[in-house]
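Student: Please find the sequence and the predicted model below.
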2 protein chains.
Amino acid sequence: MASLTDHIENHLNKLLAISTRSYVEIQRAELARKFACAPSQVNYVLSSRFSLARGYLVESRRGGGGYIRIYRIASPQARNWAKTLSRMDAGSFDPVQARHFLKRICEEKALSQREAQVIKTLLQDKHYRGLDREDKINLQVKLFKATLEAVLRNSY
Amino acid sequence: MASLTDHIENHLNKLLAISTRSYVEIQRAELARKFACAPSQVNYVLSSRFSLARGYLVESRRGGGGYIRIYRIASPQARNWAKTLSRMDAGSFDPVQARHFLKRICEEKALSQREAQVIKTLLQDKHYRGLDREDKINLQVKLFKATLEAVLRNSY
DNA sequence: CCCTCATTGACCATTGCTGACCTTGCTGAC
DNA sequence: GTCAGCAAGGTCAGCAATGGTCAATGAGGG
């Protein structure tokens, strides 16, 4: 069911695709008018669909002549994923960010759709019902890291 | 005596039959309205008639613009694995057999080496240290099944 | 009379959307 | 220079729109 958020996401992705630069520049109010929604809806789309973990960078300026720029950032190399992975621990782990990370390396072609799907499954809280929060997070981190490392090991 | 459940099952099967895709997409509330029943009745139909054991997969999303998708697993072979999977539970689960199962579907080219590697990783006991034996087995079963379901869902 | 399958409702979780209020940058009057 | 005023964009709490779970209850068939 394509929601408004989905439509706006699509629109922005199209703009990015046809842009000759590495970014696309929009005006929040104008975009809101085009989709007949509240301006803050644009912020919602940006934060839920164009986050850093998904490989985008958003930059903006307020005031007269203000704008919002959305950059598609260049792909990190495989060794950087390892670094990112190693930085993850129970303390800072966030399943949402982890999912974004998966989507990202999937887009980089380092992971197939199916592989991503499999690993994403491990991040679903429902499988860990009955455990306390700490055990759950701990397992999610461990399995997430272990499985990704297994994949990356096998890609050479 | 055709029960409400039977009627809904029939309806969904018709939709599946005429669908051009490998799945049908519905909205729980809407379907409940059409059959004048409680929304949770739909969940009952899904779990009792469109289970993995019967060769179906169900995927859903909550929130505004949410949906429920029902997939019919296309290949008879895959339906067979699904049945095997659905029979696995904490009582009978055995990591050794699970590995054999992986090996088999790997040989049948339904699973890549890398995918198998990922799933094998989560069968390793070492990740579950600190949990009681029962919790461990429980998690291994759940994750094993859930990840393989993810593969099935993506094998079209 | 039981036992199993079917139904329901109360309560919960997740995602999307909006409006009220806040912050920042610019420009012009004085 | 500085202060008022307008023109952006930012934040966040809260409501809306979905679907999920589970325990209690009902209905039929043996």
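Tutor: That came in fine, so what should we check first?
Student: nearest residue to the residue nearest in space to the middle of chain A other than its sequence neighbours?
Tutor: Nearest to the mean C-alpha position of chain A, by C-alpha atoms, centre = their mean, lies A:Arg54 at 2.5 Å. Spatially, and ignoring its direct neighbours in sequence, A:Arg54 is nearest to A:His100 (4.6 Å; C-beta to C-beta, 6 or more residues apart in numbering or on different chains). To be clear about C-beta, it is placed using only N, CA and C from the backbone, and glycine gets the same treatment.
Student: ok, the residue nearest to the centre of chain A - contacts?
Tutor: A:His100, A:Lys103, A:Arg104 (C-beta atoms under 8 Å, 6 or more residues apart in numbering or on different chains).
Student: Tell me where chain A is predicted with low confidence.
Tutor: The model of chain A has pLDDT under 70 over residues A:1, A:74-92, A:153-156.
Student: The longest helix along it packs against which elements?
Tutor: Ranked by number of residues, the top helix in chain A under DSSP state H is helix A:133-153. Counting contacts by 3 or more C-beta pairs under 8 Å, 6 or more residues apart in numbering or on different chains; DSSP states H and E, helix A:133-153 is packed against helix A:78-87, helix A:95-107, helix A:113-121, helix B:113-121.
Student: Flag every buried residue along that helix.
Tutor: Buried residues in helix A:133-153, counted by 16 or more other C-beta atoms under 10 Å in any protein chain shown: A:135-152.
Student: before we move on, the earlier item: any idea how far A:Lys34 is from the residue nearest to A:Arg54?
Tutor: 26 Å (C-beta to C-beta, to the nearest Å).
Student: do the same with A:Ile105
Tutor: A:Ile105 is 32 Å from A:Lys34, by C-beta to C-beta.
Student: And these two? Which one has more around it.
Tutor: Set A:Ile105 next to A:Lys34 and count neighbours by other C-beta atoms under 10 Å in any protein chain shown: A:Ile105 wins out with 22 against 12.
Student: Torsion angles phi and psi at the nearest residue to the more buried one once chain neighbours are set aside?
Tutor: Among residues not flanking A:Ile105 along the chain, A:Leu111 sits closest, at 4.9 Å (C-beta to C-beta, 6+ apart). Main-chain dihedrals, A:Leu111, degrees, to the nearest 10: phi -140, psi 140.
Student: what about A:Leu111, distance to B:Ser75?
Tutor: Applying C-beta to C-beta to A:Leu111 and B:Ser75 gives a distance of 24 Å.
Student: Compare those two and say which is more crowded by neighbours.
Tutor: A:Leu111 (24 against 13).
Student: you'd agree that one is up against A:Leu102?
Tutor: Yes - with contact defined as C-beta atoms under 8 Å, A:Leu111 reaches A:Leu102; the gap is 6.9 Å.
Student: Need the overlap of contacts for those two.
Tutor: With C-beta under 8 Å, 6+ apart as the test, A:Leu111 and A:Leu102 both reach A:Ile119.
Student: near DNA strand D, which residues of chain A?
Tutor: By C-beta under 7 Å from any atom of the strand, the residues of chain A that approach DNA strand D are A:1, A:26-30, A:39-40, A:42-43, A:58, A:60-68, A:126, A:129.
Student: residues near the residue in chain A that chain B sits nearest to, how many?
Tutor: With C-beta to the nearest C-beta, the shortest gap between chain A and chain B falls at A:Ser3, namely 3.5 Å. Counted by other C-beta under 10 Å, the residues lying close to A:Ser3 total 13.
Student: ok, and the closest non-adjacent residue to it?
Tutor: Nearest non-adjacent residue to A:Ser3 (C-beta to C-beta, 6+ apart): B:Gly65, at 3.5 Å.
Student: and that neighbour, which of the three is it?
Tutor: Here B:Gly65 takes the coil state, with states given by DSSP: H, G, I helix; E, B strand; the rest coil.
Student: doesn't A:Asp6 make contact with it?
Tutor: Yes - using C-beta under 8 Å, B:Gly65 makes contact with A:Asp6 at a distance of 7.3 Å.
Student: Need the outlier residue of chain A, farthest from its centre.
Tutor: For chain A, the residue at maximal distance from the C-alpha centroid (C-alpha atoms, centre = their mean) is A:Gly64, at 30.3 Å.
Student: ok, so what distance separates it from B:Leu122?
Tutor: Taking C-beta to C-beta, one finds A:Gly64 at 55 Å from B:Leu122.
Student: Verify the stated contact: A:Val141 with A:Gln97.
Tutor: No - under the criterion of C-beta under 8 Å, A:Val141 makes no contact with A:Gln97, lying 11.7 Å away.
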